[in-house]
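Participant: quick one: sequence plus predicted model below, questions after.
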Amino acid sequence: MSPERIVADPESDPTATWALDPGRVRGLTSRAVVGDDAVHVTTVTPLSGAPLAALPQSTPRDVVRAVAQARAAQPGWAARTPRHRAAVLLRLHDLLLDRQSEILDIVQLETGKTRLSAYEEVADIALNCRWLARRGPRILSDRTYRGIVPVLTQVTQVQHPKGVVGVIAPWNFPLVLSLGDIMPALLAGNAVVVKPDNQTALTMLWAADLLAAAGLPDGVLQVVLGDGPGVGGAVVDAVDHICFTGSTPTGRVVGRQAGERLISASLELGGKNGAYVADDADLDRAAEALVRDCFNNTGQQCIGIERLVLHEAVAEAFLDRFVDRVRRLRLSAGLDFSGDIGALTSAAQLAKITAHVENAVEHGAVVLAGGRPRPDIGPWFFEPTVLDRVTPEAACYAGETFGPVVSVYRVSSDAEALALVNEGDMGLNAAVWTSNLHRGRRLARQVVAGTVSVNEAYLTTWGSSAAPMGGRRASGVGRRHGREGILRFTESQSVAVQRVMGMGVLYGQGPERFAKTFTVLLKAARATRFPWP
């Protein structure tokens, strides 16, 4: 299907009361595992409120069928070499870049985000495709170690796929936070059952189409559609490893459910992320980058900055620069690169953001920029908002807002800044701004967060595909990206081979003599630094 057919044209197409061509939607939803009598739900685009897609809904019984199909296809996929599996990812890389205009439209229509934010998803997946395909086979290769008897014992570590991996993907980054887990799981030899959020299901279905075009065998990837508690819970109940990205409360539910089954889980959860602007920071550079850090994806990103911690010596000068840039941000509902801020993705998001701002003002906060819904642009638009003098009683002080709202706090020292950045029970992401790189590294190590950027926005850590990414404390369990992001989808097996002489030579001396002989060997190894075992 050509890119021109994806978006309905109200001037020439009678189906254009829908934001997407219904024929194209039916083609995409045919990939989902659903029953013949499936109930349908209608999604709408946040950009205009127009109906977007009628989505058939899976049931828990459909999930069982999807997992069975994935389990049947998995051994054949796992039998292929890692390099063969990597070749599929490289073809996915090429197809994604060649057909990006299609998915940019779909992502924008489903999420309401700007074209640039949608493109960042495409770029992220392309980066990870390439890194996984080039580095992954080596990471998955066998590793050998010295055994208990030097030379005579050889131990090999083998990585086996988990089997069937479940992915429960959120709506805020529908391409990155679905394919970002699916790709390393596939590379490791697993089959995958994915449940996207209904609001962004078309993005995942389009990606499944693309993987098939890239050469992924039938059955290896299954897509189910439906609600979180029913369909998502059924996925957790049936797979061998679960990946979940979403809120901390729901993550706790998924974690408990996985624990009951004794399966492993990767959980990336909420964040209340802080950025510290020190007294020696480059204020122009910091202001420019922090606008992106706070308001990219309309603030609907778990790694976005929600707390600006400013050294009092530079607070006013920084705010002059920062607030001026925020006020100049352009809100847009266009399917082009004209806008800086897109829509919130749902009415629930708009209600929450509005409530957080109103609550903060009721408790003494001062609005420096924004603070209002913008129904003149679209149903769920909200101005990028800067709040000063937020008190601990405000809901947005400790609670994750997950929208285009940032709060400002002033401190008089690095120690005070660290205490504020580390306050609370989350620990996903943070940033430090200082002209002294030694100071920046020192402060970063004291931040309780899975990732910390020094003198740049989140893109430096998130975009570094070789480096692990994930949360601490209530912000999650496990890591995506890098070596850890691949090996989480495998089970390690140690195979020890004893050559020539067995351990019976030692045990045959009798218990007491064995203990004495082995003690001598242990002391000798310690004294000589002999690499044993």
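Facilitator: Thanks, I have it. The structure displayed is predicted, hence computed values, not measured ones.
Participant: so where is the chain shaky, pLDDT-wise?
Facilitator: Residues of the chain meeting the criterion pLDDT under 70: 1-17, 505-506, 533.
Participant: how does it divide into domains?
Facilitator: The chain breaks down by automatic domain parsing into domains covering 63-269, 273-471, 504-533.
Participant: so where does the most centrally placed residue in the chain fall, helix or strand?
Facilitator: Most central in the chain under Cα atoms, centre = their mean is L177, positioned 4.4 Å from the mean C-alpha point. Assessed by DSSP states H and E, L177 sits inside helix 176-187.
Participant: how far off helix 176-187 does the helix or strand that that helix is followed by point, in degrees?
Facilitator: Sequence-wise, the next helix or strand downstream of helix 176-187 (DSSP H and E) is strand 191-195. If you take axes from the mean of the first three to the mean of the last three Cα atoms, to 10 degrees, strand 191-195 sits at 160 degrees to helix 176-187.
Participant: residues contacting the nearest residue to S475 once chain neighbours are set aside?
Facilitator: Take S475 and drop its neighbours on the chain: the residue closest to it by Cβ to Cβ, 6 or more residues apart in numbering is L428, 3.8 Å away. For glycine as for every other residue, the C-beta is placed from the backbone atoms N, C-alpha and C. By Cβ atoms under 8 Å, 6 or more residues apart in numbering, the contact list for L428 reads 268-271, 273, 302-303, 449-451, 470-472, 475-476.
Participant: just the ones in strands from the residues you listed, please.
Facilitator: Secondary structure from DSSP state E places E268, N273, T451, R472, G476 of the contacts of L428 in strands.
Participant: packing partners for the helix holding L177?
Facilitator: If you count contacts as 3 or more Cβ pairs under 8 Å, 6 or more residues apart in numbering; DSSP states H and E, helix 176-187 packs onto helix 82-98, helix 115-140, strand 164-168, strand 191-195, helix 201-213, strand 241-245, helix 482-487.
Participant: what about those, which gets the closest to L319?
Facilitator: Closest to L319 of the helices and strands packed on helix 176-187 is helix 115-140 (Cβ to Cβ; 25.0 Å).
Participant: as CSV, could you dump the C-alpha coordinates of the next helix or strand after the closest one?
Facilitator: Using DSSP H and E, the next helix or strand after helix 115-140 towards the C-terminus is strand 143-146. Output of strand 143-146 as CSV, limited to C-alpha atoms (Å, rounded to 0.1, in the frame of the first residue of the first chain):
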residue,chain,number,x,y,z
ARG,A,143,32.1,-18.4,26.2
THR,A,144,34.7,-20.6,27.8
TYR,A,145,36.1,-20.5,31.3
ARG,A,146,38.8,-22.2,33.3
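Participant: mind listing what the helix or strand just after strand 143-146 pairs with, with the direction of each?
Facilitator: Proceeding N to C from strand 143-146, the next assigned helix or strand is strand 153-161, under DSSP H and E. Strand 153-161 has its sheet partners listed here by DSSP bridges as strand 143-146 (antiparallel), strand 490-498 (antiparallel).
Participant: relative to helix 82-98, how tilted is the helix holding L177?
Facilitator: If you take the same axes, to 10 degrees, helix 176-187 sits at 150 degrees to helix 82-98.
Participant: could you dump the helices and strands packed on helix 176-187 to CSV with distance to F322 and mean neighbour count?
Facilitator: Formatted as CSV, the helices and strands packed on helix 176-187 follow (distance: least, Cβ to Cβ, whole Å; neighbours: other Cβ atoms under 10 Å):
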stretch, distance to F322, mean neighbour count
helix 82-98, 34, 18
helix 115-140, 20, 20
strand 164-168, 36, 28
strand 191-195, 39, 28
helix 201-213, 32, 23
strand 241-245, 29, 27
helix 482-487, 32, 20
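Participant: A72: which of the ones you listed is closest?
Facilitator: Proximity to A72 (Cβ to Cβ) singles out strand 191-195 among the helices and strands packed on helix 176-187, at 8.6 Å.
Participant: packing partners of the closest one?
Facilitator: Judged by 3+ Cβ pairs under 8 Å, 6+ apart, the packing partners of strand 191-195 are helix 60-79, strand 164-168, helix 176-187, strand 221-223.
Participant: flag every buried residue along the last one.
Facilitator: Of the residues in strand 221-223, L221, Q222, V223 count as buried by neighbour count, 16 or more other Cβ atoms under 10 Å.
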